[in-house]
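J.: For reference, the sequence and a predicted model appear below.
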Amino acid sequence: MLSRTARTLICSCVFFLPFSPFSCTASVGEITCNYYVCSFGGPCGAGVHQLDWPRHLAVDEDSRLIFVADELNDRVVVLRSPTLEFVRLVRGHGLSQPRRLYLAGRQRLYAGQWGGGGVAVIAFQA
């Protein structure tokens, strides 16, 4: 049984094959005590408030920032916890299909990339 303060972050991308092979929805959400309480995302896309194949999360508990590897958009989306409010996009830095994120300290994010793309190192200010 989950405690009343237990929280779980999830990221997902769902394709709706019966309608179209290209129809999908992507989101990051928070579940508290078995209830889905807030989310970020919607239809897959490249817009500021859209994701396309979110793959991994890294959380900086001190700054309350959530970093989302947005694989098919070649970027990292930064959200504020617990509201999942959009903060900023991180592009460039050699990012190409980021799949795994690792937060080192308070100012460095490592993004492992798909297809032998190596690791991009991103310096940031929390």
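T.: Yep, that arrived.
J.: so what secondary structure elements neighbour whichever strand or helix holds F67?
T.: Take DSSP states H and E as the rule and F67 turns out to sit in strand 65-70. Judged by 3 or more CB pairs under 8 Å, 6 or more residues apart in numbering; DSSP states H and E, strand 65-70 is in contact with strand 54-60, strand 75-80, strand 98-104. To be clear about C-beta, it is placed using only N, CA and C from the backbone, and glycine gets the same treatment.
J.: ok, V121 - contacts?
T.: Residues in contact with V121 (CB atoms under 8 Å, 6 or more residues apart in numbering) are 93, 108-111.
J.: Now for these, which sits with the most neighbours around it?
T.: The most neighbours of any of the contacts of V121, using other CB atoms under 10 Å, belong to A111, which has 27 neighbours.
J.: who's that residue bridged to?
T.: In this entry, A111 is beta-bridged to L101, A120, by DSSP bridges.
J.: ok so, going back, point out the most buried one among the helices and strands packed on strand 65-70.
T.: Among the helices and strands packed on strand 65-70, ranked by average contacts under mean count of other CB atoms under 10 Å, first place goes to strand 75-80 (a mean of 21).
J.: Just checking: what are the partner strands of that one?
T.: Strand 75-80 sits in its sheet next to strand 65-70 (antiparallel), strand 85-90 (antiparallel), going by DSSP bridges.
J.: what about the closest residue to G45 other than its chain neighbours, neighbour count?
T.: Distances taken as CB to CB, 6 or more residues apart in numbering place D52 nearest to G45, at 6.3 Å, with adjacent residues excluded. Applying other CB under 10 Å, we find 19 residues neighbouring D52.
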